[in-house]
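> dropping the sequence and predicted coords here.
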Amino acid sequence: MNAFTIIKTGQEDKSVMQKEDLISGEIRNYLKVPEIARIGTNASFGRMENPQMDKIGLQGKFPSSLARSGYVADRTVFDHWRRWKLENSFQPTFRWEIVVWFRRKVSAQGASNISPLNDNRRSRLSWPQLAILVLITLGLGAGAGFLSSSEKSLTQITRSARQRIGLASTSNGPPGHWGVYEANNNDPRLAPEQIEEIRRLRSLGYVGGSVPARGSAGITEHHPDTASGGLRFFTSGHEPGAYLMDSLGNILHTWRLTYENCIRQSKDPAAKFLPDPGGVTGCWRRAHLFPDGELLVIYEGHGLARIDRNSRLIWSYPGPCHHDLEVAPDGSVFVLTREAEMIPELNPDKPVMVDYITHLSADGELLDMINLLEAFENSVYASTLDNLDEAGDLFHTNTLEILDGRMAHLSDNFAAGNFLISLRELGVIAIVDHETEKVTWAQSGMWSAQHQPTLLDNGNILLFDNLGHQGRSKVIEFDPFTQEVAWTYADSPEHPLYSKTCGSCQRLPNGNTLITESDNGRALEVDPDGVIVWEFRNPRRTGENDKFIAAIMEMVILPEDFFPSWIDQPQ
């Protein structure tokens with residue numbers, strides 16, 4: 001059997017170099033379509049380098065002349081081939097043999113025997129040109145990942161995710177108490193229509209509350225013998241504040257600082273801060289608690305502030321910070337930021353939102369920025385970008401975690417200082433190497449609109465899957481090498497779990513898992529068997545006439561020995 005097959009497109013009669021019966025009619029019909037959705041080479045998605053094996057890549061011979069011409073592989077035909085193979089009981093030499101459709105794309109150095117590509121990333125394969133069908137062998141091993149575990153293409157996944165989320169191009173959003181992020185209309189670099197497009201991009205709602213108030217509130221379940229005794233720290237959608245609470249529901253300390261007061265107290269000129277007529281900063285999107293009671297807080301899309309335990313401003317950073325932040329061991333701060341940029345290769349007329357990992361000193365001074373679009377473009381995962389929309393919020397990165405290196409013995413990707421991120425728009429989680437500023441690993445397949453991937457002590461990843469459980473939510477723990485699911489807590493009629501827009505999860509020292517069901521303003525601690533041992537429903541309300549339950553953006557449980565002297569008496 002040849003290592004690859006050439007099919008001439010644009011003709012009713014396909015000419016092949018292999019036996020015709022190895023290619024199903026479904027595939028042949030599909031190849032008549034001139035523009036096809038694709039993911040990329042089989043090495044460019046869902047791969048981890050196994051320390052016991054050579055790096056998984058394209059196996060078999062690939063013509064170097066085609067590599068130099070910029071052909072990379074498509075996933076959809078692989079799906080058809082795998083389905084046909086199973087239906088016909090085809091037994092390959094190895095566990096998987098893959099037929100991949102090739103078309104002209106840029107920067108998909110997804111396999112060791114494909115040369116780096118230098119042509120334009122969004123150039124199209126002209127109709128008279130040859131398209132190539134390749135039969136390749138993928139070895140069975142600890143790098144199996146995405147390609148051998150999903151029957152959907154990434155394009156299908158992301159498209160259906162966007163449809164289910166319904167994130168909108170209007171400023172109103174779904175029912176609820178939403179903020180509207182307005183653009184700075186005074187930017188002289190942009191034309192009026194470009195400013196309007198930025199306004200549209202930034203008009204995605206940020207939920208302070210969307211679920212009608214109902215039922216009981218406060219601590220609704222508590223089993224002291226099995227629940228964690230640590231203090232709970234969380235932010236609530238009804239105000240720009242944070243709370244420290246014990247397991248009985250007693251509030252021990254409160255922080256609060258409005259965006260307006262932050263600007264007034266800041267040493268930075270007020271003109272550096274974006275206006276907020278839509279009320280996006282009406283709650284803190286994320287807060288980080290230091291042992292001395294100081295906080296770092298994100299005013300979504302507008303800035304970052306460090307405040308003391310009495311809610312007085314220490315310093316501020318007036319930049320477009322959003323979603324998540326991490327404090328490095330040296331005290332410096334990494335935070336997600338975004339910029340509206342004109343990228344002609346993506347869209348010559350409209351700006352797009354580009355995400356960055358921004359590095360600040362411990363005093364809030366800008367040190368460095370990593371462009372996440374370029375981190376993909378310059379990596380072996382560049383073909384992931386072929387699934388981008390050509391306008392709008394490209395990634396919607398919602399999670400940032402600094403890896404501490406404790407799992408580096410499993411893979412160099414887990415080296416200390418690397419970043420684990422989540423890109424909701426693509427349904428992708430990825431690792432970015434801090435030194436090279438390149439993506440070194442990416443994976444998708446079992447989730448949709450996900451949040452909060454976190455690396456566990458056993459080398460698995462825990463993740464909040466917002467919409468991948470038949471349109472509902474689940475939390476999963478899985479092996480990033482094989483995607484084998486080790487643990488799950490999923491929505492069911494007996495135990496509903498659903499958060500459309502946000503969500504979080506934390507594995508606790510006692511083996512339990514804390515889940516933040518953000519939209520419903522609920523946090524629950526479940527044991528390894530899925531039994532709820534502690535549950536909190538936010539009693540705070542938001543919106544007109546307090547119509548909605550205030551969302552819990554994130555709750556974390558602190559170490560059980562954390563009980564500093566500055567904590568107030570129960571309020």
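Perfect, I can see it now. Numbers count the residues shown, from 1 in each chain.
> below-threshold pLDDT in this structure: ranges please.
1-190, 199-207, 568-571 (pLDDT under 70).
> tell me the domain ranges of it?
4-151, 177-557 (automatic domain parsing).
> residue 314: which element?
Assessed by DSSP states H and E, residue 314 sits inside strand 313-317.
> just the buried positions in that strand, please.
Of all the residues in strand 313-317, those buried under the rule 16 or more other C-beta atoms under 10 Å are 313, 315-317. C-beta here means a position set from N, CA and C on the backbone, and glycine is covered the same way.
> again, but for stretch 352-362
Applying a neighbour-count criterion of 16+ other C-beta under 10 Å, one finds 352-360 buried in stretch 352-362.
> name the nearest of these relative to residue 454.
Distances from the buried residues of stretch 352-362 to residue 454 were compared by C-beta to C-beta; the smallest belongs to residue 357, at 16.6 Å.
> the closest one pairs with what?
In this structure, residue 357 has the following beta-bridge partners (DSSP bridges): residue 336, residue 370.
> burial measure for residue 344, as a count.
Taking other C-beta atoms under 10 Å as the criterion, the count of residues near residue 344 is 7.
> where's it relative to residue 350, distance?
Taking C-beta to C-beta, to the nearest Å as the measure, residue 344 falls 10 Å from residue 350.
> which residues of this structure fall in helices?
Taking DSSP state H to define them, one finds helices in the chain at 25-30, 64-69, 76-87, 154-165, 192-201, 259-265, 372-377.
> follow-up on the earlier one: can you show me the CA trace of the strand holding residue 314 as PDB?
What follows is the C-alpha trace of strand 313-317 in PDB, where atoms were taken according to Å, rounded to 0.1, in the frame of the first residue of the first chain:
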ATOM      1  CA  LEU A 313      -5.700  51.500  46.700                       C
ATOM      2  CA  ILE A 314      -2.000  50.700  46.700                       C
ATOM      3  CA  TRP A 315      -1.500  50.900  42.900                       C
ATOM      4  CA  SER A 316      -3.500  50.600  39.700                       C
ATOM      5  CA  TYR A 317      -2.800  49.500  36.100                       C
END
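> helices and strands around that strand, which ones?
Identification of packing neighbours for strand 313-317 by 3 or more C-beta pairs under 8 Å, 6 or more residues apart in numbering; DSSP states H and E yields helix 259-265, strand 303-307.
> angle of the last one against strand 313-317?
Read it as strand 303-307. Taking axes from the mean of the first three to the mean of the last three C-alpha atoms, to 10 degrees, one finds strand 303-307 and strand 313-317 inclined to each other by 160 degrees.
> if I look at the closest residue to residue 466 other than its chain neighbours, how far off is residue 331?
Of all residues beyond its chain neighbours, the one nearest residue 466 is residue 449 (4.2 Å), with distances taken as C-beta to C-beta, 6 or more residues apart in numbering. Residue 449 sits 33 Å away from residue 331 when distances are taken as C-beta to C-beta.
> and those two? Which one has more around it.
residue 449 (29 against 10).
> from residue 365, how far off is that one?
Taken as C-beta to C-beta, the spacing of residue 449 relative to residue 365 amounts to 34 Å.
> cool, residue 555 as well?
As judged by C-beta to C-beta, residue 555 and residue 365 stand 31 Å apart.
> higher neighbour count, these two?
A direct count of neighbours by other C-beta under 10 Å for residue 555 and residue 365 places residue 555 higher, at 25 against 11.
> quick one: residues contacting residue 526.
Under the criterion of C-beta atoms under 8 Å, 6 or more residues apart in numbering, the neighbours of residue 526 are 489, 512-513, 515, 532-533.
> of these, closest to residue 266?
Residue 266 lies nearest to residue 515 out of those, by C-beta to C-beta, at 35.6 Å.
> and the closest one, how many neighbours?
If you count neighbours by other C-beta under 10 Å, residue 515 ends up with 26.
> check contacts around it.
In this structure, residue 515 makes contact with 464, 475, 489, 497, 503-505, 523-526, judged by C-beta under 8 Å, 6+ apart.
> quick check: beta-bridge partners of it?
When bridges are taken as DSSP bridges, the partners of residue 515 come out as residue 505, residue 524.
> how much space between it and residue 560?
Distance of residue 515 to residue 560, computed by C-beta to C-beta: 19 Å.
> pretty sure residue 306 contacts residue 361?
No: under the contact definition of C-beta atoms under 8 Å, residue 306 does not touch residue 361, with a separation of 11.2 Å.
> between those two, what contacts are shared?
Common contact partners of residue 306 and residue 361 (C-beta under 8 Å, 6+ apart): none.
> how deep is residue 415 tucked in, by neighbour count?
When neighbours are counted by other C-beta under 10 Å, residue 415 registers 17.
> residues touching the nearest residue to it once chain neighbours are set aside, list them.
Take residue 415 and drop its neighbours on the chain: the residue closest to it by C-beta to C-beta, 6+ apart is residue 408, 5.0 Å away. Applying C-beta under 8 Å, 6+ apart to residue 408 gives the contacts 414-416.
> what about residue 252, distance to residue 227?
Between residue 252 and residue 227 the distance is 17 Å, computed by C-beta to C-beta.
> the closest residue in space to residue 435 that isn't next to it in sequence: what's it in contact with?
For residue 435, the nearest residue in space outside its immediate sequence neighbours is residue 417; the separation is 7.5 Å by C-beta to C-beta, 6+ apart. Residues in contact with residue 417, defined by C-beta under 8 Å, 6+ apart, are 328, 402-403, 405, 434-435.
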